[in-house]
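1. Let's see this in three dimensions:
(chains A and B)
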Amino acid sequence: MDNVIEARGLVKRFGDFTAVNGINFIVRPRECFGFLGPNGAGKTSTVKMIYCHSPVTDGSLKVLGMDVTKEARAIKRRLGVVAQEDNLDPDLTVEQNLLVFSTYFGIPKSEAGERTKELLDFFGLKEKAHTQVDKLSGGMKRRLAIARALINKPDLLILDEPTTGLDPQARHLVWQRLRKLKEQGVTLILTTHYLDEASQLCDRLVIMDRGQILEQGEPKELVARHIGKEVLELGSAVCHDLIPQLAGLTSGHQVVGEALFLYTNDGQALLRKVQELRETNRQYLRPASLEDVFLKLTGRGLHHEGENEVEHAD
Amino acid sequence: MQIKDFFRRPDISWGMFRVFARNLKVYQKTWKASIMFNFLEPLLYLSAMGFGLGAYVSDIKGLSYLNYIAPGFVASSAMWAVSYESTYGSFLRMDYQKTYQAIIATPLSIEDVVLGDMLYGAFKSVLYGSVILLVIFTLGLVASPWALLLPVVLFFSGLLFAIMGLTWSGLAKTFDHFNYYFTLLLTPMFVYSGVFYPLEGMPDFVKEIIWFTPLVHVVNLARGLVLGQVGSYLLVDLAWIIGFIIIFINLPIALIRHRLAR
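-> Numbers count the residues shown, from 1 in each chain, chains lettered A, B, ... in the order given. Purely as a prediction, here's the structure:
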């Protein structure tokens, strides 16, 4: 099967501001592909070009084998889109939201009725069918938005920050449904700035920052390649001079504010060695995560809100 | 917006009728209250002016004052109805509810969405104008069966005012900006377009300015058809309205594209 998406040298500019700066990536059938990065990284700008909302400034972008600049209608017919902002129809009930949306795809009425029942069932919204949308909780709204995006049985489902603003329980409900969809063979694209979301759901992902792709691969493989198994956090950067003596035990390090992060594949051995050498005020050994990868690649955290952060309505 | 967007070939599909149907579905929930209020206001004007002022005005061109002003209210009521819809209504869907954004992620284009809203505006023009027409008919103020053609005129005038309203919506930053639209454009048209008095008494240059505004042409057509004073000169008014539609229909589409598709 051909690639679901192929982007080459993709650029998005807003006036002088470059939101997406010449990125390349492919998305394969039946995988869950993630865009991980902080706010303003260019994730939303990228997916908006994929779902034919934003015009492409430069480069080429093929979705389902079609050029987004030429065949927007044909592409959109086969997509499901869950946008970042809530754009459910507040004038309508839960059920009407799905039924009215089905008319935009020209789905016959009887088929739309069946599909609506199935989807409300799948997303646990059956009892709410006749509730006005603005009476729903945040988690229910998000589930309804995903249900609505599936009304046309899309080949590709795009989710822009699907769980931002949801409480942990509501997030897990959304994740469960997305995993089931993946099992059913739907190709998924999601943007997120939650690394647990990325590592839980994505088969492959790209790490984006300031409009560029810094790295791409499978979440576990990225962590293993860049960091190793574990990270030892030491409370004070005064430990810096220890680094040469720890050679062989660490695969790298990073100074984060006052703290020193040591990357390792054998945390216990490293911890013992550090304790032999020096007493430090804080030692914390934990599994390595995607956040460490991001930190290593950019020198900043994912949720960092420093003055360097590019502010943009992304 | 760039000039070339204005001349871009529109990407239209039957989907615009689905957008229209969506708006109609929402309207089904509120239509009773909505019609009540929309026809109450012109009725207040009509009774106050017609009976109150009418008692002092012996006749205008051989008509009682009530007879004279009634057809104009059909035109102006239709104008107000479509104008509220294509400003506050459309802006709400576009900017706050993000309904437009959701729809253009489906196979429908921005053209489909804007034209669907325009059709809906025209529908409201026909509906609210016809309600007033029915009222003045029951009051015995309709003199000719030509009045049956008035809804057709209201459809075109509805499209025209929807284009104007949507253009303003495409430019507006907040809801407050619609106050200017109503105060600076619609209200002056309402009082200077021959609804309340014939324009013959106006200085020539004022008459010329008024000729370049739309409502006067709708009023001329409404009065001609309701009173049965029909002549080829009415075709000029109709041509004015249709010409306006053809020239400017792309403007709100281009503005709203510029606003949404970023």
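
2. residue boundaries of the strands in the chain?
-> All of this refers to chain A. For chain A, applying DSSP state E gives strands covering A:5-14, A:17-27, A:32-36, A:58-63, A:66-67, A:79-82, A:156-160, A:187-192, A:204-209, A:212-217, A:230-234, A:250-256, A:259-264, A:283-287.

3. Can you look at chain B instead?
-> Here chain B has no strands by DSSP E.

4. Enumerate every residue touching B:Lys32.
-> Taking CB atoms under 8 Å, 6 or more residues apart in numbering or on different chains, we find B:Lys32 in contact with no residue. No exception for glycine: its C-beta is placed from N, CA and C like everyone else's.

5. Now do A:Gly165 against A:Val174, distance only.
-> Using CB to CB, to the nearest Å, A:Gly165 is found at 11 Å from A:Val174.

6. if you count what's nearby, which of those two comes out ahead?
-> In this view A:Gly165 and A:Val174 are compared by other CB atoms under 10 Å in any protein chain shown, and A:Val174 has more residues nearby, 22 against 13.

7. My read is that that one contacts A:Ile146, right?
-> Yes: using CB atoms under 8 Å, A:Val174 is in contact with A:Ile146, at 7.1 Å.

8. so what sits against both of these two?
-> The contact sets of A:Val174 and A:Ile146 overlap at A:Pro162 (CB under 8 Å, 6+ apart).

9. circling back to that earlier point, how about the strands of chain A in a markdown table, adding mean pLDDT, distance to B:Pro203 and mean neighbour count?
-> Output for the strands of chain A, formatted as a markdown table (pLDDT from 0 to 100; distance: least, CB to CB, whole Å; neighbours: other CB atoms under 10 Å in any protein chain shown):
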| stretch | mean pLDDT | distance to B:Pro203 | mean neighbour count |
| --- | --- | --- | --- |
| strand A:5-14 | 97 | 50 | 18 |
| strand A:17-27 | 96 | 53 | 19 |
| strand A:32-36 | 96 | 65 | 26 |
| strand A:58-63 | 97 | 57 | 18 |
| strand A:66-67 | 97 | 59 | 15 |
| strand A:79-82 | 96 | 57 | 25 |
| strand A:156-160 | 96 | 59 | 23 |
| strand A:187-192 | 95 | 63 | 24 |
| strand A:204-209 | 95 | 66 | 24 |
| strand A:212-217 | 95 | 66 | 18 |
| strand A:230-234 | 89 | 85 | 21 |
| strand A:250-256 | 84 | 78 | 16 |
| strand A:259-264 | 88 | 82 | 22 |
| strand A:283-287 | 89 | 85 | 13 |
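
10. Among the ones you listed, which comes closest to B:Ile132?
-> B:Ile132 sits nearest to strand A:79-82 of all those, at 42.6 Å, using CB to CB.

11. Run the chain-centre distance for the closest one.
-> 15 Å (CA atoms, centre = their mean, to the nearest Å).

12. is it anywhere near chain B?
-> Yes: Strand A:79-82 reaches chain B (CB under 8 Å from any CB of the partner chain) through A:79, A:81.

13. Neighbouring strands of that strand in the sheet, and parallel or not?
-> strand A:156-160 (parallel) (DSSP bridges).

14. what's the pLDDT at B:Asn46?
-> I think there's a mix-up here, since residue B:46 is Leu and not Asn. Here, the pLDDT recorded for B:Leu46 equals 85.
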